[in-house]
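In: Give me the fold of what follows.
(4 chains)
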2 protein chains.
Amino acid sequence: MNVCTYICVVKLEQAIKSNKFKSEVHKGVLNILYTAWWLKTVMSKELKEFGLTHEQYNVLRILKGKYPEQMCVRDIACRMIEKSSNVPRIIDRLELKKLVKRSNSAIDKRETVITLTQSGITILEATTLSVNQMMDTVLTVNNRDAALLNQLLEKVRISES
Amino acid sequence: MNVCTYICVVKLEQAIKSNKFKSEVHKGVLNILYTAWWLKTVMSKELKEFGLTHEQYNVLRILKGKYPEQMCVRDIACRMIEKSSNVPRIIDRLELKKLVKRSNSAIDKRETVITLTQSGITILEATTLSVNQMMDTVLTVNNRDAALLNQLLEKVRISES
DNA sequence: TTTAAATCGATGTATATACATCTAAATAAT
DNA sequence: ATTATTTAGATGTATATACATCGATTTAAA
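Out: All right, here's what the predicted structure looks like:
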């Protein structure tokens, strides 16, 4: 069975061939992990058309958020979804593709400031349009359910310790 | 800010320093991705004590599900949460640590069958106990909310195409 | 029966994750 | 002012992801 086949497999039990879960909470953990993989796979398929990875797209979008201001590596890193992302290395690939530009900060010589290039803006806009359009088609969940989901995910992350 | 600090950051807006979302659905996508990273980070911290990665633990648990039966690589792969996992390579590390054993199938010579070793069973049991205990402490969400969350995640994965 | 197609899993490559370490620079402490 | 500490980001390493390819089988087709 092809990886893409799973995009149409809705049931978790079917996806991981298991129907014995310790509890709904335990199932929920697996469900979140699986859904995250599913979403990444769906998105990556679209991003690939533009030669971008999920993480590169994330960095570009973060830069867009402050544009035309520049951002230092640290500022980008703390906005990443996956906090352990190695941002300097992601910047490396984006720089090779000339989508961003590195330069040294005048204020703090330790900092490297990153700028979106015109090419970066153009690709990002086209990609965002395409990704959003695709997501609107693929995701049929409504905003009311999504709002409830957002509340529940926050509850999951309320930790005792 | 240390990566571990984020374990105590509950709000998505705070975690990714953004409060402008196109819609609740769009926010939901980011929320699922972030929560998955959060869960993996929390779990990995515990797994590290036993010298296991998240994926290695996943493979061991899948093998446990059929134990004492053996499983071929493909059978393991289709039960993985992340479908694009490179199972032969994960087996490589587990074999080096002598937690599993590879052997050739007598029925189909193309297949490699994997067996949990006694050492594998022992480590898996200790790890599972520790991980479950930690999860029960960290996750305070109740089963009713988790059941609702599971329904909503399934709705997210209902695709038009 | 011989060839063609499909399958299994090992392996190669580029990128990313999750760390640790290192250098340079900035800040704090003495 | 000098030293110590902290911080920024580059870099190194092991592992994983997301593919593609390849050899050895097995199955299907001619």
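
In: Can you give me every residue that contacts whichever residue of chain A sits closest to chain B?
Out: Here the residue of chain A nearest chain B is A:A36; by Cβ to the nearest Cβ that distance is 3.3 Å. For glycine as for every other residue, the C-beta is placed from the backbone atoms N, C-alpha and C. The contact partners of A:A36, by Cβ atoms under 8 Å, 6 or more residues apart in numbering or on different chains, come to B:I32, B:L33, B:T35, B:A36, B:W37.

In: so the third one sits right up against A:L153, yeah?
Out: Yes. Counting by Cβ atoms under 8 Å, A:L153 is a contact partner of B:T35 at 4.8 Å.

In: and chain A, which of its residues are near DNA strand D?
Out: Contact residues, chain A versus DNA strand D (Cβ under 7 Å from any atom of the strand): A:3, A:37, A:40-41, A:44-45, A:48, A:72-74, A:77, A:86, A:88-89, A:91, A:102, A:108, A:110-113.

In: just the helices in chain A please.
Out: All helices of chain A, identified by DSSP state H, fall at A:12-15, A:24-48, A:54-66, A:73-77, A:87-96, A:118-138, A:143-156.

In: before we move on, the earlier item: what sits in contact with each of B:T35 and A:L153?
Out: With Cβ under 8 Å, 6+ apart as the test, B:T35 and A:L153 both reach A:I32.

In: Excluding covalently adjacent residues, which one is nearest to A:V87?
Out: Excluding its sequence neighbours, the residue lying closest to A:V87 (Cβ to Cβ, 6 or more residues apart in numbering or on different chains) is A:A77, at 4.5 Å.

In: Tell me how many other residues crowd that neighbour.
Out: Here the count is done by other Cβ atoms under 10 Å in any protein chain shown, and A:A77 has 19 residues near it.

In: Was I right to think it contacts A:S84?
Out: No. Using Cβ under 8 Å as the test, A:A77 is too far from A:S84 to be in contact (9.4 Å).

In: quick one on the thing from earlier: closest one to B:I16 among the helices of chain A?
Out: Checking these against B:I16 by Cβ to Cβ gives helix A:54-66 as the closest, at 8.7 Å.

In: helices and strands around the closest one, which ones?
Out: If contacts are counted by 3 or more Cβ pairs under 8 Å, 6 or more residues apart in numbering or on different chains; DSSP states H and E, helix A:54-66 sits against helix A:24-48, helix A:73-77, helix A:87-96, strand A:100-104, strand A:112-116, helix A:118-138.

In: Give me the buried positions along stretch A:60-79.
Out: For stretch A:60-79, burial by neighbour count (16 or more other Cβ atoms under 10 Å in any protein chain shown) applies to A:L60, A:I62, A:L63, A:Q70, A:M71, A:C72, A:V73, A:D75, A:I76, A:A77, A:R79.

In: got a list of contacts for that stretch?
Out: For stretch A:60-79, using Cβ under 8 Å, 6+ apart, the contacting residues are A:52, A:59, A:80, A:83, A:85, A:87-88, A:91, A:94, A:99-100, A:103, A:105, A:108, A:111-116, A:120-121, A:123-124, A:127-128, B:1, B:16-18.
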